[in-house]
Each structure stands twice: as C-alpha cells, then as structure tokens.
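>>> Task: produce atomic coordinates for the following.
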Amino acid sequence: MAEFNPTNIAGALQPGLSATAFRTRVAEQTIAVDVGASTTKAEVSRGGFSIAEIPVREDLISSFLDTRPIVQTKVVTQSIAPGTAVAVGTAIDLVITSPTDLPVNVVPGIHQAFANLTMAQLNTQFATDPRVRDILRTRSTPADLTTDDIATLTEVLHTNNVPVSTDPGQTVGAAFTAIQAAFTFQG
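Okay, the predicted model is just below:
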C-alpha cells in the first residue's frame with residue numbers, strides 16, 4: 001500500500017480516462033535544477049573568430065544609448081531547431097537581421113504579389129486590419145484556415161488589389177504564409 005498516492009485520485013476521476021490509462025499513468029513531479037551553482041559564459045564568434053567582451057562604463061554608455069534609436073533584430077535562422085535541449089558548450093549558429101528590410105521572398109510559398117515587398121511594407125499593409133490580426137493570432141498554417149477565414153482573407157486581399165486564384169503563388173494560403181511571416185518578423 002506504500003505506492004498509493006492520494007493526490008492521483010483526482011486524475012483518475014477525470015472523464016474519459018480508462019482504467020488502463022490510470023494504471024499506466026506516470027506520476028508527474030517537479031525536479032529542481034540549480035543553474036546558478038556555476039557561472040555560464042557565452043562564447044561568441046563571427047566567421048570562426050572569437051569576439052572579445054569589451055568592458056564599458058555603464059554610466060556613459062547608457063546616457064549615449066538613451067539618445068539612439070532602438071534597432072530591432074530577430075533571429076532568422078539557427079543551426080539547431082528552437083526549443084531543442086543541447087549540452088553545455090554546444091555551438092549554435094544564428095543569423096540575426098533587422099526584419100524591417102528583410103525581403104518577403106526569403107519565405108518559401110508566398111503569394112507572388114508580395115515578392116518585391118519587405119516585411120515592414122507587407123506588415124504595414126495588413127497589420128492594421130483587426131480581422132487579419134485575429135486570423136494570424138489563432139491560425140498557424142494555411143491548412144488551419146477555416147472557410148470563414150478564407151472568405152475574410154479573400155475579401156481583404158481583393159480590397160488591397162491582391163489577385164487570388166487557385167494557381168500556385170496566387171492562393172489565399174500563399175498570401176496567409178507571407179502576411180504571417182511579416183506579422184511575426186515585425187511583431
């Protein structure tokens with residue numbers, strides 16, 4: 001009887017769980033990991049050469065930076081997929097850019113009407129429409145679009161003189177892919 005854990009009873013009473021699901025269920029537990037026990041230092045390199053950390057006077061640098069515009073950058077690609085756990089010391093190559101001038105055509109499968117735009121231009125064209133924003137916030141891929149989403153996007157695209165058809169590079173899905181990329185990079 002030592003294995004009985006009364007905190008698991010609530011889980012067993014959930015509707016839809018079979019008796020076998022309860023028997024094979026693994027108890028969840030929290031494991032504390034102390035990452036503060038040792039210092040971690042990032043080794044940054046460019047073109048295979050280490051980039052040194054340059055000490056600066058905080059009081060002078062902050063007053064200088066206060067008058068400068070904030071440059072937003074985003075990671076565009078990385079050599080290890082985001083969310084992948086890696087061992088300490090694993091090298092990860094990042095490509096960071098200012099997404100404002102990033103051409104939309106770097107994203108595969110976009111609508112041809114957007115091929116010559118930047119992420120900032122495309123985002124500006126559609127970000128102010130709350131109907132488009134709502135779709136972008138709730139759908140991840142063109143396959144997730146509902147019939148109502150497709151009708152809404154088609155209407156918005158026609159209003160913006162963007163042709164829509166079933167031809168490759170002219171579909172609502174291709175437009176969604178491009179607009180979603182611009183929204184993500186500019187957001």
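
>>> low pLDDT regions in this structure?
The model of the chain has pLDDT under 70 over residues 1-42, 46, 52, 54-56, 187.

>>> Which parts of the chain are helices?
For the chain, helices defined by DSSP state H occupy the ranges 9-12, 19-23, 58-65, 119-126, 130-138, 147-159, 172-186.

>>> Pipe these into TSV and attach mean neighbour count and distance to Leu94 per row.
Where you see a C-beta, it was placed from the backbone N, CA and C, and this is true even at glycine. What follows is these, written out as TSV (neighbours: other CB atoms under 10 Å; distance: least, CB to CB, whole Å):
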stretch	mean neighbour count	distance to Leu94
helix 9-12	11	41
helix 19-23	10	42
helix 58-65	10	22
helix 119-126	20	18
helix 130-138	15	25
helix 147-159	15	32
helix 172-186	22	15
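
>>> Tabulate those in a markdown table, adding columns for distance to Thr97.
Shown next, in a markdown table, are the helices of the chain (distance: least, CB to CB, whole Å):
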| stretch | distance to Thr97 |
| --- | --- |
| helix 9-12 | 46 |
| helix 19-23 | 47 |
| helix 58-65 | 20 |
| helix 119-126 | 10 |
| helix 130-138 | 21 |
| helix 147-159 | 27 |
| helix 172-186 | 9 |
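
>>> for those helices, which one sits closest to Ala87?
helix 172-186 (29.0 Å; CB to CB).

>>> Tell me how far the closest one lies from the chain's centre.
Relative to the chain's own centre, helix 172-186 is displaced by 12 Å; criterion: CA atoms, centre = their mean, to the nearest Å.

>>> And the helices of the chain: which comes nearest Gly109?
Among the helices of the chain, helix 172-186 sits nearest to Gly109 (CB to CB), with 5.0 Å.

>>> the inter-axis angle of that closest one versus helix 119-126?
Put simply, helix 172-186 runs at 120 degrees to helix 119-126, going by axes from the mean of the first three to the mean of the last three CA atoms, to 10 degrees.
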